[in-house]
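**Student:** Okay, sequence plus prediction incoming.
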Amino acid sequence: TDNAWMETTAFHFHCTADLAVQLPLRAGDDAHNVTWLDVDDAEPRYAALYASHKDWVDRVACELRLRKGHSPKAVAAPAEATPPAP
């Protein structure tokens, strides 16, 4: 319809693999399922994230790589997500 929209809330946090397996993941009332995914375009489920969700994750991954001194091109981030060179 002309009056429909999608709302998403996203959070970013780091944890160890040991902690990750202890965290209960629950899908919301409109989601089919929830799972941990590697941030890697070779992972088909990651490459096919819903709507613009992959763009959001790519932006965070790009920012984290820049903070760690890695090339922003290490992640296939959208062009607008790549901060200008200092």
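**Tutor:** Cool, the structure landed. Numbers count the residues shown, from 1 in each chain.
**Student:** In stretch 39-58, which residues are buried?
**Tutor:** For stretch 39-58, the neighbour count (16 or more other C-beta atoms under 10 Å) marks Tyr46, Lys54, Trp56, Val57, Asp58 as buried. C-betas here are computed from N, CA, C, even on glycine.
**Student:** what does stretch 56-75 give?
**Tutor:** Result for stretch 56-75 [16+ other C-beta under 10 Å]: buried residues Trp56, Val57, Asp58, Arg59, Ala61, Cys62, Glu63, Arg65, Leu66, Val75.
**Student:** which two in those residues are spaced the farthest apart?
**Tutor:** Using C-beta to C-beta, the buried residues of stretch 56-75 span at most 16.1 Å, a distance reached by Trp56 and Leu66.
**Student:** Phi and psi next, for the nearest residue to Asp38 once chain neighbours are set aside.
**Tutor:** Sequence neighbours aside, Tyr46 is the residue nearest to Asp38 in space, at 6.4 Å (criterion: C-beta to C-beta, 6 or more residues apart in numbering). Dihedral pair for Tyr46: phi -70, psi -40, per degrees, to the nearest 10.
**Student:** quick one: contacts for Tyr46?
**Tutor:** Going by C-beta atoms under 8 Å, 6 or more residues apart in numbering, Tyr46 touches Leu37, Asp38, Val39, Asp40, Lys54, Val57.
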